[in-house]
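**Student:** coordinates for the following, if possible.
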Amino acid sequence: MNNNKPSFMLVDGMALLFRAFFATAVTGQYMINSKGIPTNAVNGFVKHFFTAVSSFKPSHVAVCWDMGSKTFRNEIFEDYKGNRSEAPVELIPQFDLVKEVVEAFDVPNIGMKGFEADDCIGTIASQAKDEANVLILTGDQDILQLIDDHISVILLKKGFGNYLVHNKETFFAEKGIMPKQMIDLKAFMGDPSDNYPGVKGIGEKTALKLLQQYDHVDGVVANLNQLSKSQKTKIENDLDMLYLSKKLAEIKCDVPIQYELDKAKFALNLEKVQAKFNEVEMKGLHRFIDFETEIAN
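**Tutor:** Next up is the predicted model:
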């Protein structure tokens, strides 16, 4: 990566918020303030956010969000994410609250109805990579398909401040395929968490071998006669779902959103941030913002 370029961190807001909520909800710690609003998810989000900013020291930051539960993927596959239950009642008021808090950091909140946060991240990352080194902070492995020469992915691990950072070289060392082939991998494997099946009976190990040999879905399909009888039958039986799953797995990088790198320059106004923390009644967070480089005069 070019160290002379700005460093632009794109944060998967939903990934951080959900992770933070369930980490404390399991013990019933909702941190309800005097207004009756739970703050546990926002509290954990803030800790994750500032721990990452302190660790990676980006010059620019933006946070991307889902904007409703239905997207274009539901239009092409009605059951997409159909296995997910409604958000817990204690989390619902925190969706708006967390965006207010991010706004107090003078960090852009970005999202577009009909698309997922991943699609917004993919679009901005692909636009920004020529002028910045892009870091994507998430817990979602789907994002790994976006890795490029100037795009790295920071995967959150258990706890705070524990990360697995992937670039093209580390990803290839782990998977034996290129990041873009993640789309084809998920086309074969499906994704139980997003509720699409891929090809029944083809798991990660087999899919990786096929992609290492034939590069992509079309390459495998063009060489069905070279496969074992079992593999050929499975793919032929689920050919339509294979191609549909590929469409569902691919993060869109052409969402009609505009971004300006200058508006994402990270410079905290500590008084403004502390006032927001006080308003929401989130205590003990000042220690996460005590690093000099982010102070705005």
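**Student:** state the distance from the closest residue to Gly82 other than its chain neighbours to Met189.
**Tutor:** Distances taken as CB to CB, 6 or more residues apart in numbering put Asn195 closest to Gly82, at 5.1 Å, once the chain neighbours are dropped. Every residue, glycine included, has its C-beta placed from N, CA and C. As judged by CB to CB, to the nearest Å, Asn195 and Met189 stand 13 Å apart.
**Student:** those two: which is more packed in?
**Tutor:** Met189 (21 against 15; other CB atoms under 10 Å).
**Student:** which residues touch the more buried one?
**Tutor:** Going by CB atoms under 8 Å, 6 or more residues apart in numbering, Met189 touches Gly198, Val199, Ile202, Gly203, Glu204, Ala207.
**Student:** which residues in the stretch 1-150 of the chain form strands?
**Tutor:** Along the stretch 1-150 of the chain, counting by DSSP state E, counting those that start in this stretch, strands occupy 7-12, 60-64, 109-110, 133-138.
**Student:** on that earlier part again, which of the contacts of Met189 fall in helices?
**Tutor:** Judged by DSSP state H, helices contain the following of the contacts of Met189: Glu204, Ala207.
**Student:** separation between the residue nearest to Gly82 and Lys99?
**Tutor:** Asn195 sits 27 Å away from Lys99, going by CB to CB.
**Student:** check Asp142 too.
**Tutor:** Distance from Asp142 to Lys99, by CB to CB: 22 Å.
**Student:** out of those two, which sits in the busier spot?
**Tutor:** Using other CB under 10 Å as the criterion, Asp142 and Lys99 rank with Asp142 on top: 20 against 17.
**Student:** may I see the buried residues of the helix ranked longest in the chain?
**Tutor:** Once the chain is assigned using DSSP H, the helix that runs over the most residues is helix 40-56. The neighbour-count check on helix 40-56 (16 or more other CB atoms under 10 Å) flags 40-53, 56 as buried.
**Student:** would you mind measuring from the residue nearest to Gly82 to Gly44?
**Tutor:** Applying CB to CB, the value for Asn195 to Gly44 is 26 Å.
**Student:** cool, and Val63?
**Tutor:** In terms of CB to CB, Val63 sits 14 Å off from Gly44.
**Student:** same check on Ile151?
**Tutor:** 26 Å.
**Student:** swap in Asp140?
**Tutor:** Noted for Asp140: a distance of 17 Å to Gly44, by CB to CB.
**Student:** before we move on, what about Leu224?
**Tutor:** With CB to CB as the criterion, Leu224 and Gly44 are 48 Å apart.
**Student:** now do the helices in this structure.
**Tutor:** Going by DSSP H, the chain shows helices at 13-25, 40-56, 72-76, 92-104, 117-128, 168-175, 182-189, 204-214, 217-222, 229-237, 239-249, 270-280.
**Student:** now do stretch 229-242: distance to the chain's middle.
**Tutor:** 30 Å (CA atoms, centre = their mean, to the nearest Å).
**Student:** average model confidence for it?
**Tutor:** Mean pLDDT, computed over stretch 229-242, is 98.
**Student:** where does the prediction get shaky in the stretch 1-150 of the chain?
**Tutor:** 1-3 (pLDDT under 70).
**Student:** re the thing from before, possible to save the helices of the chain as CSV with distance to Arg84?
**Tutor:** Converted to CSV, the helices of the chain look like this (distance: least, CB to CB, whole Å):
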stretch, distance to Arg84
helix 13-25, 11
helix 40-56, 17
helix 72-76, 12
helix 92-104, 14
helix 117-128, 15
helix 168-175, 26
helix 182-189, 17
helix 204-214, 22
helix 217-222, 26
helix 229-237, 27
helix 239-249, 14
helix 270-280, 27
